[in-house]
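>>> Got a predicted model here, sequence first, then my questions.
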Amino acid sequence: MPPPSATASIYALALESGWPVAILIERVGGEVVLVNDRFRVMFDLEDTALDDPLGAAAATFHEPDVFVAGLSSEAVPRRDRLRQRSGRTIERKVRALYDADVLTGWVWSCTDVTEQQEAAGAVARMSEFHQRVLDALPAQLAVFSPSGVYEYVTPSAIADPDVREWIVGKTDEQYGAFRGLPTEVSKQRTQLIREVVENGQSKTFEESFLTRAGERRYFRRFLSPVYDTDGEIQHILGYGLDITEHRVTEEQLRHAQKIDAVGRLAAGVAHDFNNLLTVIVGCGEGLREEMAADDERQRLVEGILDAGDRATELTKQLLSFSRRAVVEPQVLNLNTVVETTLSMLRRLLGEHIVIRLALSSEPAAVRADLGQLKQVLLNLSVNARDAMASGGTLTLSTRQRRIELPVEVAALGLPRGEYVELSVADTGTGISEEVRAHLFEPFFTTKPVGKGTGLGLSMVYGIVTQAGGQLQVDSTVDVGSTFCVLLPAVTQDAAPSLGGTHTPSLSPSTGKETLLLVEDEVSVRTFIDRTLSRLGFTVLCASSGREAVQLANEFPGVIDLMIADVIMPDFGGRELLRAIEAARPQTRVIFISGYSADNTVVDATSPRQAFMQKPFGIDALAAQVRTLIDSTTSGPEQPPVA
């Protein structure tokens, strides 16, 4: 049966050897009418017999069921991988042939699409790779149209896939309303996108807002234009970085630098003040010794000495704040510290303040300096009292607390782990946001002139952070404030010695030995010289390290002991001792300093060395001199080595 006349052009094309499409024409029943050269090459049919023109490929070109059933007369594509020797991908299309509405056969057209498929696969793989990269970006990425409409956002920007789908085609104002963001945030973004479109320049800006969880987050945003081949802005690329942790760390660094700078100033002031107090307290004690016990002027002297003691405590606070004080950390049960301080607090706060305890049932063991820990408790309690002038309730509580969440770690600047929390809560006036921003700054106070030094909270902050902890504040105006001290927990049982130490009264110690005094401060040097000379000692005075070395080398007799300031204009401390020992190897020495931390200059293994912190009194100095001389039994110091 001849094929329909409508297929004449197909025959003609199929017979052209240069046509790139492989053609097979079959009649119903499987009779092959035509196979062009391209088909033979594609399916490797050059050697097939005339009575079997399709050879092994015949099984893949059976009667299409879709046409036998009379369901379609349209070209039907069939793409599959034919298992031939080349293993290439062939796309086949089949079209039915009719004669007077009677199905007479079909035309197969085959195209090798291996390269196209491989290229499409490469594109798909690259697209998938790009998508994985975008999904993994820590930065928040969004693409806007020039009109400010969202076109794409990454999961790092919006985690919810439904919201990512919803946002496409929306403006930032619509998204901001959906998220509950402040209107000024969305308006700023929209305005900056408009500016980028107008001038073609990238923009960088920062913004902050509260999350739904009530946490303030900070972001740095970037907007850049994306141009098409004609040089027109086609998109706006926006990406942002969450800089909350960086901002917190930056703020902590600024605060630490400020604390360090003021700490250096405080330490210098305390050092100079201790020099003055050494003279004041020493001269006061000298006057008291010279007066009769019933002399009315004793009250004036006691007033001087009492003021000197209070000033000494103030310098200790300054040194503690500047971290120049020596601390003796030990394992303490915070519950025990609170309980043993309670009676003192009741006397200090007054009857108008009710003190309530809510202490942990488990031992709240921490490692800290007992004196400093009491100072923290006292300072926070006194501040609470001042906030409750008309009376109120002070609640002291302890509990175990674990710091684990990344948000807590970043906000507190503490490593993950177990902590003990001491809370001091009051029902006072509260603290405003403006005041809270400066709360731990040295010398900042809201109290009237003469009522506060501004060192209390800054000292508390310094003590807590020096112990590896952190200080938190939560306050509401007219409701009250809560200060939370967080200290690393320890597992050992707390067994501190909570009793005070009592220094017995010393009677003046006398002597006839020769002493070398090295002190650059004139008033201190003069006071010590006069004091020890009155007690019978021979005192050789030097105002610098070099002068002391020269004097020690030139003095022909025995120098029984040296009293030397640790910090001198040229050299002091161990360097001075080494220079003196070059000529006098068995030199005894008492190092003195306004910094208690300078006690590290003393060799703890040597019985010939001691340390005294300024200010000190006559009796204490004389007793230390006598003790050090008498306790070393190796014989007196010899004259300098020739």
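The structure has been received and is ready for your questions.
>>> Tell me how far stretch 210-230 lies from the chain's centre.
When distances are taken as Cα atoms, centre = their mean, to the nearest Å, stretch 210-230 is centred 23 Å away from the chain's centroid.
>>> what's that stretch in contact with?
Under the criterion Cβ atoms under 8 Å, 6 or more residues apart in numbering, residues 140, 143, 180, 189, 192-193, 196-197, 200-209, 233-244, 246-247, 407 lie in contact with stretch 210-230. Every C-beta, even on glycine, is put in place using the N, C-alpha and C of the backbone.
>>> give me that answer again for 7 Å
Residues outside stretch 210-230 that contact it (Cβ atoms under 7 Å, 6 or more residues apart in numbering) are 192-193, 196, 200, 202-209, 233-244, 247, 407.
>>> Flag every buried residue along it.
217-221, 223, 225 (16 or more other Cβ atoms under 10 Å).
>>> for stretch 386-401, same thing?
386-388, 392, 394-399.
>>> Nearest to L332, out of those: which one, please.
Relative to L332, the closest of the buried residues of stretch 386-401 is T398; by Cβ to Cβ it sits at 11.6 Å.
>>> So what sits opposite that closest one in the bridge?
Beta-bridge pairing of T398, defined through DSSP bridges, involves L422.
>>> one step back: I'd like the buried residues of stretch 210-230 laid out as CSV, including distance to V33, pLDDT and secondary structure.
CSV is the format used below for those (distance: Cβ to Cβ, whole Å; pLDDT from 0 to 100; DSSP: H, G, I helix; E, B strand; the rest coil):
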residue, distance to V33, pLDDT, secondary structure
R217, 74, 83, strand
Y218, 77, 87, strand
F219, 72, 87, strand
R220, 73, 89, strand
R221, 69, 89, strand
L223, 66, 91, strand
P225, 61, 92, strand
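>>> which helices and strands does the longest helix seen in the chain pack with?
As far as residue count goes, and with DSSP state H defining each element, the longest helix of the chain is helix 244-290. Using 3 or more Cβ pairs under 7 Å, 6 or more residues apart in numbering; DSSP states H and E as the contact criterion, the elements in contact with helix 244-290 are strand 216-227, helix 298-321, helix 406-412, helix 522-534, helix 618-631.
>>> Just the CA trace of the fourth one, in PDB.
Written as PDB, here are the backbone C-alpha positions of helix 522-534 (Å, rounded to 0.1, in the frame of the first residue of the first chain):
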ATOM      1  CA  VAL A 522      61.100  62.700 101.000                       C
ATOM      2  CA  SER A 523      58.300  62.800 103.600                       C
ATOM      3  CA  VAL A 524      58.300  59.000 103.900                       C
ATOM      4  CA  ARG A 525      62.100  58.800 104.100                       C
ATOM      5  CA  THR A 526      62.200  61.500 106.700                       C
ATOM      6  CA  PHE A 527      59.500  59.800 108.800                       C
ATOM      7  CA  ILE A 528      61.100  56.400 108.800                       C
ATOM      8  CA  ASP A 529      64.600  57.900 109.500                       C
ATOM      9  CA  ARG A 530      63.300  59.800 112.500                       C
ATOM     10  CA  THR A 531      61.300  56.900 113.800                       C
ATOM     11  CA  LEU A 532      64.000  54.300 113.700                       C
ATOM     12  CA  SER A 533      66.700  56.700 114.800                       C
ATOM     13  CA  ARG A 534      64.600  57.500 117.900                       C
END
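>>> Ramachandran coordinates for R584?
In this entry, R584 is assigned phi and psi values of phi -130, psi 90 (degrees, to the nearest 10).
>>> What's the per-residue pLDDT of it here?
Model confidence at R584, given as pLDDT, is 88.
>>> Hmm, A552 and it touching each other?
Yes. Using Cβ atoms under 7 Å, R584 is in contact with A552, at 6.2 Å.
>>> Could you check which of those two is surrounded by more residues?
Summary of the neighbour comparison: R584 and A552, criterion other Cβ atoms under 10 Å, with A552 having more neighbours (24 against 20).
>>> Show me the domain layout of this structure.
5-117, 137-242, 250-321, 329-488, 514-631 (automatic domain parsing).
>>> Figure out the length between the terminal residues of the longest one.
For domain 329-488, the first-to-last residue distance is 13 Å (Cα to Cα, to the nearest Å).
>>> With the second one instead?
The separation between the terminal residues of domain 137-242, taken as Cα to Cα, is 12 Å.
>>> Start the count at 59 instead of 1 going forward.
All right, first residue 59 from here; so that's domain 195-300.
>>> Show me the one of the domains of the chain that comes nearest A182.
Scanning the domains of the chain with Cβ to Cβ as the criterion, the closest one proves to be domain 63-175, at 10.2 Å.
>>> Now do that closest one, average pLDDT.
Computed over domain 63-175, the average pLDDT equals 69.
>>> Ok, stretch 195-210 next?
When pLDDT is averaged along stretch 195-210, the result is 85.
>>> in that stretch, what's buried?
Quick answer for stretch 195-210 (16+ other Cβ under 10 Å): 198-204, 206-208.
>>> what's the closest of these to M626?
Nearest to M626 among the buried residues of stretch 195-210, with distances taken as Cβ to Cβ, is Q198, at 58.7 Å.
>>> what residues are up against the nearest residue to that closest one once chain neighbours are set aside?
Closest residue in space to Q198, ignoring its immediate chain neighbours: A215 at 3.8 Å, by Cβ to Cβ, 6 or more residues apart in numbering. Taking Cβ under 7 Å, 6+ apart as the definition of contact, the neighbours of A215 are 198-200.
>>> gap between A215 and F187?
According to Cβ to Cβ, to the nearest Å, A215 and F187 sit 20 Å apart.
>>> Same check on R85?
For R85, the distance to F187 (Cβ to Cβ) stands at 50 Å.
>>> Which one's more surrounded, these two?
Counted by other Cβ under 10 Å, R85 and F187 do not tie: R85 has more neighbours, with 15 against 10.
>>> Please name the nearest non-neighbouring residue to the more buried one.
Of all residues not flanking R85 in the chain, G163 sits nearest, at 4.2 Å (Cβ to Cβ, 6+ apart).
>>> Pull the number of nearby residues for that neighbour.
24.
>>> Same check on the one 3 residues further on?
The criterion is other Cβ under 10 Å. On that basis, W166 has 20 neighbouring residues.
>>> and it, what element?
Using DSSP states H and E, W166 maps to strand 160-170.
>>> do R414 as well
Under the criterion of DSSP H and E, R414 resides in strand 411-416.
>>> related to what we said a few turns ago, adding pLDDT, write the buried residues of stretch 444-459 out as a markdown table.
Output for these, formatted as a markdown table (pLDDT from 0 to 100):
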| residue | pLDDT |
| --- | --- |
| D444 | 86 |
| A445 | 86 |
| M446 | 90 |
| G450 | 91 |
| L452 | 93 |
| T453 | 94 |
| L454 | 94 |
| S455 | 94 |
| T456 | 93 |
| R457 | 93 |
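>>> If we ignore the residues flanking it in sequence, what's nearest Q292?
D286 (4.3 Å).
>>> So for that neighbour, what's the pLDDT?
For D286, the model assigns a pLDDT of 88.
>>> and what of G512?
Per-residue pLDDT puts G512 at 48.
>>> again, but for L515
Model confidence at L515, expressed as pLDDT, equals 79.
>>> same question, T485
Residue-level confidence at T485 comes out at 92, pLDDT.
>>> From E491, how far out is the nearest residue to Y233 once chain neighbours are set aside?
Closest residue to Y233 apart from its sequence neighbours, by Cβ to Cβ, 6+ apart: I225 at 5.7 Å. I225 is 34 Å from E491, where distance means Cβ to Cβ.
>>> Q175 too?
Counting by Cβ to Cβ, the gap from Q175 to E491 is 65 Å.
>>> all helices in the stretch 409-558 of the chain, in order from the N-terminus.
428-445, 464-470, 491-494, 514-524 (DSSP state H, counting those that start in this stretch).
>>> Nearest to I650, out of the ones you listed?
Relative to I650, the nearest member of the helices of the stretch 409-558 of the chain by Cβ to Cβ is helix 428-445, separated by 21.6 Å.
>>> So which elements touch that closest one?
On the basis of 3+ Cβ pairs under 7 Å, 6+ apart, helix 428-445 makes packing contacts with strand 387-391, helix 392-407, strand 475-484, helix 514-524, strand 538-546.
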